[in-house]
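Visitor: any chance you can model this:
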Amino acid sequence: MKKYLLLPFLVLPFLSQAQSTKGPYVGVTTQVQNTWIINDEQYEDVNYKHKFTTKWAPFGITAGYKFNENHNLQVELIRSKQGENFDIVDVNGDKTGEKEIELVYWNVPLLFKYTTTGRLRFNFHFGPQVSFLQKGTETNRLSRAGTYSQKGDQFNVPGGTFLLASYDEEDRQKDSRVGTFNQYDAGIAAGSGVEFDVNSNTYLSVNLRGHYNFVNIRKEENINDKTLPEAQRRDPDWYNLRQNLVIGVQVGVHFLFNTGDGTSPARHE
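Guide: This next block holds a predicted model:
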C-alpha cells in the first residue's frame, strides 16, 4: 500500500518541470485517420451505405512559435490521403457494387494552440485550413444491373466499371463524361492531445485531430444520372454537395529553438 502512496510524488517532478517559455519550433508528424465524404442528401433515400474507411497521412511538417508557456501559433503542411468507400445497394437493399473515392491533398492548417504547463501537458488547437488536391478518382464498380429508387422514382442502371471523375486531364480527354474535382478546399481543423518533453529542446506529441471542409469535392454543381437514357447511366444517386470529413490520431516529434527568458526551469535533462 505504501508504494501506491508514493506514486503522486514520483509523477509530480514530470508535471512540474516546464519547457522553455517561448521560441520557434519545427517538427514532423504522421497520422492514421478515418475519412468520410459527407453528402448533403445522405439522410434521404440514397442507394449507398457508408463503409468504415481508413487512410494515412504519411508525412507532415510543423512550424510554430511559442509566445509563452501557454500560447502557440503553428502552421502545418500535411500530405493526406482521403476519400471513402461505399456499398451500392438496389431497391431491395441488395449489394450491386461499390463506389470508391480516392483523394490526395496537401492540407495547410493555421492553428492557434493552447498548452498547459509541465513536462507532461495537454494541448488544445483549432484554426482554418486550406487544401490543395494532388490526385483524385471516383469510380463505380457495379457487378450487375440493378433497379434503384430515389425521391419516389424507380430506374435502372447497367452493370460495369465506370470512372466518374478524375484529376488527370488525359482521363477526361478519353471520355468527355468523366467529371472534374475542385482543386482547392477550405475548412476548419481542431484537435487536442498530450505533449511530453524528452529534453529541454525536444518534445513528442500525440493528438486527436479532425477537420471538416466546406467546398464540394466536384466542380459539377449537380450530378443526376437517372435523367439519362438507361444505357448511359453510371451512378444511381443524385449529388449536389459532397464534403471532406477527417478524424485521426496524429503522432509527432518537435524541436524547440530555446529562447527562454532565463527564468524557466526548462533545463531538466
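
Visitor: from now on I want contacts and neighbour counts done on CA atoms only, so please keep to that.
Guide: Will do.

Visitor: check contacts around the residue nearest to residue 165 when sequence neighbours are not counted.
Guide: Excluding its sequence neighbours, the residue lying closest to residue 165 (C-alpha to C-alpha, 6 or more residues apart in numbering) is residue 179, at 4.1 Å. With contacts defined as C-alpha atoms under 8 Å, 6 or more residues apart in numbering, residue 179 is in contact with 164, 165, 166, 172, 218, 219, 220.

Visitor: I'd like the distance between residue 179 and residue 232.
Guide: Noted for residue 179: a distance of 14 Å to residue 232, by C-alpha to C-alpha, to the nearest Å.

Visitor: helix, strand or coil for the spatially closest residue to residue 142 that is not a sequence neighbour?
Guide: Leaving aside its sequence neighbours, residue 142 sits nearest to residue 97 (C-alpha to C-alpha, 6+ apart; 4.1 Å). Of the three states, residue 97 takes strand under DSSP: H, G, I helix; E, B strand; the rest coil.

Visitor: got it, and the one 5 residues further on?
Guide: In the three-state summary, residue 102 is assigned as strand, counting by three-state DSSP.

Visitor: start at 68, not 1
Guide: Shifting the count to begin at 68 puts that one at residue 169.

Visitor: pretty sure it contacts residue 205?
Guide: Yes: at 6.4 Å, residue 169 counts as touching residue 205 under the criterion of C-alpha atoms under 8 Å.

Visitor: neighbour count: these two, which is higher?
Guide: Neighbours around residue 169 and residue 205, counted as other C-alpha atoms under 10 Å, are more numerous at residue 205. The numbers are 23 against 17.

Visitor: in contact with the closest residue to residue 125 other than its chain neighbours, which residues?
Guide: Distances taken as C-alpha to C-alpha, 6+ apart place residue 97 nearest to residue 125, at 5.0 Å, with adjacent residues excluded. By C-alpha under 8 Å, 6+ apart, residue 97 lies in contact with 123, 124, 125, 126, 127, 317, 318, 319.

Visitor: buried only: go through those for me.
Guide: By neighbour count, with 16 or more other C-alpha atoms under 10 Å, these hold 123, 124, 127, 317, 318, 319 as buried.

Visitor: any chance of a markdown table for these, columns pLDDT and distance to residue 224?
Guide: Converted to a markdown table, those look like this (pLDDT from 0 to 100; distance: C-alpha to C-alpha, whole Å):
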| residue | pLDDT | distance to residue 224 |
| --- | --- | --- |
| 123 | 95 | 33 |
| 124 | 96 | 35 |
| 127 | 97 | 42 |
| 317 | 98 | 41 |
| 318 | 98 | 44 |
| 319 | 98 | 47 |
